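# Provided below for reference: sequence and predicted model.
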Amino acid sequence: MSQSRQIDLTTSIQYLHGVGPARARALEASGITTVYDLFYYFPRRHLDRTSVTPLREIRRDQSATVVGTVEVAGERRARKRKYFQAVISDGTGLLNLVWFRGAPYLAKKIKKGVRLAVSGKIEFFQGHQIVHPEFDLIDQDEDPLHTGAVVPIYPLTGELKKVRVDNRALRRTIRQVLEQIGQIDDLLPAALLDRYGLTNLDQALRKIHYAENIDELQQARRRLKFDEHFFLMLLMALRKANLKTGTAPEIDALGTRFQLVYDQLEFDLTGAQQKVIKEIRHDLGRGRPMNRLLQGDVGSGKTIVALLSAAIAIGNGHQVALMAPTEILAQQHFTSIKAFSERAQITCALITGGQKSAERRQLLAALAEGRIDLIVGTHAMIQSWVEFARLGLVIIDEQHRFGVVQRGHLLAKGYNPHLLAMTATPIPRTMAITYHGDMDLSIIDELPAHRQPVTTKVVNSDRLNRVYHFIRDEVEEGRQAIVVYPLVEETEKSDLAAATEAFTQLASGDFRQQKVGLLHGRLKPDEKDKVMAAFAANEINILVATTVIEVGIDVPNASVMLVEHAERFGLTQLHQLRGRVGRGNAKSYCILVQRKTGDTADRRLGIMEETSDGFKIADEDLQIRGPGEFFGARQSGFIKYKIADMLTDGPIIRQARQAAFELVENDPHLRKPEHVTIRRRFVSEYQHLLELVNIT
């Protein structure tokens, strides 16, 4: 293998000095196939003097990063159990390190005299110790305590460890390539870099791996974060620009169906609902595709806004598709719409994955021929065999549960139909301008007058007898209750098994005098319908369920929500569950059973007791769980950050958004010479999303 080979960003790692076939395969398994991938394999953290704690200053129950020399290391045995132990010293004190597994691997790595950077929570057992610490081997000339260097620590996958690619090996490889490669061309124009005070890409990629001081590292991180946010914002800007130039059905008349639905309402619309309907009407009449996100807290009346919007479109001769994430929610919407549809002269139908073939064929034929005005369904609607005669409006409920590509597939079934996306999960501002930066935003920020606040109380399991007594009292007063069971990890039960067992115990025990029902996701559609109909008719007093009822249950008579193992839920999910009660005139309660304590669990559940403000809850949930968990896997296929952080990058996000939107305004197709590299990078990185912005 020749070391004189010219290296650039496209060079395969197999041509790098010191990278043999085994290491190449391990690197490829970690997504590293070229020099470009290697440079963008960012450190997960850095060591420097300011981040390392001297051993004399460590304190029990605090997390710390320390650097020391191994004085003793080896396998030990205690109470018939083997473990690996090492003692490190930094000249100011000693620290004991303990691992209860992985002794053979550790014995090869951790030997007397090696230098370790160690991180973990300090405990005390016959002296200070860390159990199962994170550790990295560092060379003497990398030691930040001795050299003042900033040492990169990389994430290591199992494949890398198998072939002994540790941090030292990665650092040596990256340093070697940085010394051989020439100047790395920038993606962004010099004027943009100057305007936002950004270092050039060549320096950013070099200093993220080998900074001489913290200031250089921070400048590199800021530039690379900016790039990630910028290209996401660019997607949003191109999408929004495409919508502005596209044509869509011009729906400027209110239509007769709107008035027929409105006249059936038994309550006055809130001011917020009226404002949102005006915004939607304005969008529908512009002749350009509406792309609006409707945020409204649980119970704020989004469904009626959606129905009135659908009535406007139908009254102007267009079909409407309403897509929901679960069959239960789809059924709930369908039931609500059916209550208005006959008198409003609207033909509607329901399509789900569990329908019989003959029934579905008839429905699809009617839809394709235009004999169905409004179709409600799940993701089954995005299948190729679902066709519309004149789709003019797409409404997506709980839209964060669908990926952008799924939404695109449904929109493609019409000629630039309008889109109204809805969510009962209030979205923090930084997430609204990133994940939904291409959308106009409407907010319903007031509840209908008949909605009562729900009293929330956290209890531990020894108070359940009193809670069950309270539920029985509520049932005797004619009201109903919902008991929700999540996954119970410690007993390795599924949520279905836990709920089924609880149903049996409660129905034959504490609630043997009441009518108890069971609802879970594996029931057949007709079985779910029977259970829901029985609960709605109060033929079931107490419904035991899995989290399938998180959205879609609308039974005004339900006054108590009891959530088991509440500490296992995120705040937004608990808020959704709480929203299943308090829909009638009776005082309602949400009881959260906490079976495990801890700082995070106590904080989460304490917030639920303190507030019912969905936006405050969403902000707290984002801080605690981060954006990945906040949205879950439902946004799969979307852009994944390597270095950016939506929680802490607020100022960078706003700058990146401004830069991207201004660039697209001045060059909507990215065809100016100074934007060629931006276009090339965008197309190569985000090919799977380009159909959404129609860029060619």
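Received the coordinates, thanks.

# next SSE after the strand of greatest length in the chain?
Taking DSSP state E as the criterion, the chain has its longest strand at strand 63-78. Downstream of strand 63-78, the next assigned helix or strand under DSSP states H and E is strand 81-89.

# what's next to whatever helix or strand comes next after that next one, contact-wise?
Tracing the chain past strand 81-89, the next element assigned as helix or strand by DSSP H and E is strand 94-99. The contact list for strand 94-99 (Cβ atoms under 8 Å, 6 or more residues apart in numbering) reads 55, 58, 66, 68, 71, 83-89, 106, 118, 125-133, 135. C-beta here means a position set from N, CA and C on the backbone, and glycine is covered the same way.

# Can you point out the buried residues in stretch 181-198?
In terms of neighbour count (16 or more other Cβ atoms under 10 Å), stretch 181-198 has its buried residues at 181, 184, 186-189, 192-193, 196, 198.

# With stretch 236-252 instead?
Buried-residue list, stretch 236-252, by 16+ other Cβ under 10 Å: 236-243, 248-249, 251.

# Just the buried residues of the contacts of strand 94-99.
55, 58, 66, 68, 83-88, 106, 118, 128-130, 133, 135.

# what residue ranges in the stretch 301-450 of the chain score low on pLDDT?
Low-confidence segments of the stretch 301-450 of the chain (pLDDT under 70): 399-405, 425-435, 450.

# Mind doing that once more with 90?
301-303, 324-333, 335-336, 339, 342, 352-360, 378-385, 397-412, 414-416, 423-450 (pLDDT under 90).

# cool, the stretch 451-600 of the chain as well?
451-453, 461-462, 485-503, 505, 519-533, 536, 545-556, 567-577, 579-586, 595-600.

# circling back: Phe682: which of the buried residues of stretch 181-198 is nearest?
Ranked by distance to Phe682 (Cβ to Cβ), the buried residues of stretch 181-198 are led by Leu187 at 9.2 Å.

# Surely that closest one and Ile678 touch.
Yes. Under the criterion of Cβ atoms under 8 Å, Leu187 makes contact with Ile678 at 5.8 Å.

# give me every residue that touches Pro289.
By Cβ under 8 Å, 6+ apart, the neighbours of Pro289 are 243, 246, 248, 416-419.

# ditto for Leu265
Leu265 neighbours (Cβ under 8 Å, 6+ apart): Ile304.

# which SS state does it fall under?
With DSSP: H, G, I helix; E, B strand; the rest coil as the basis, Leu265 sits in coil.

# What distance do you get for it to Ile277?
12 Å (Cβ to Cβ, to the nearest Å).

# Surely Val165 touches Ala22?
No. In this structure, Val165 is not within contact of Ala22 by Cβ under 8 Å, at 9.0 Å.

# Comparing these two, which residue is more hemmed in?
Counting neighbours by other Cβ atoms under 10 Å for Val165 and for Ala22 shows that Val165 has the greater number, 22 against 13.

# For that one, give me the pLDDT.
Val165 carries a pLDDT value of 73.

# Could I get the contacting residues of it?
Going by Cβ under 8 Å, 6+ apart, Val165 touches 23, 26-27, 156.

# Take those residues and lay them out in CSV including secondary structure and distance to Gly521.
Converted to CSV, the contacts of Val165 look like this (DSSP: H, G, I helix; E, B strand; the rest coil; distance: Cβ to Cβ, whole Å):
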residue, secondary structure, distance to Gly521
Arg23, helix, 45
Ala26, helix, 39
Leu27, helix, 40
Leu156, coil, 37
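
# Select from the residues you listed the one having the most neighbours.
Leu27 (26 neighbours).

# got the contact list for that residue?
Leu27 sits next to 13, 19, 33, 38, 160, 165 when contact means Cβ under 8 Å, 6+ apart.

# how long is stretch 181-189 from one end to the other?
Start-to-end span of stretch 181-189 (Cα to Cα, to the nearest Å) is 22 Å.

# Scan the chain for its longest helix.
Longest helix of the chain, by residue count under DSSP state H: helix 214-245.

# Who are the packing partners of that one?
If you count contacts as 3 or more Cβ pairs under 8 Å, 6 or more residues apart in numbering; DSSP states H and E, helix 214-245 packs onto helix 201-209, strand 291-296, helix 650-666, helix 676-685.

# quick one, which of those is nearest to Val563?
Closest among these, using Cβ to Cβ: strand 291-296, at 22.3 Å.

# how about the CA coordinates for the closest one, as PDB?
The C-alpha coordinates for strand 291-296 follow below in PDB (Å, rounded to 0.1, in the frame of the first residue of the first chain):
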ATOM      1  CA  ASN A 291     -49.000  23.800   4.600                       C
ATOM      2  CA  ARG A 292     -50.300  24.600   8.100                       C
ATOM      3  CA  LEU A 293     -49.500  23.000  11.400                       C
ATOM      4  CA  LEU A 294     -52.300  23.300  14.000                       C
ATOM      5  CA  GLN A 295     -51.200  23.000  17.600                       C
ATOM      6  CA  GLY A 296     -53.700  22.700  20.300                       C
END
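
# I am finished for the moment; much appreciated.
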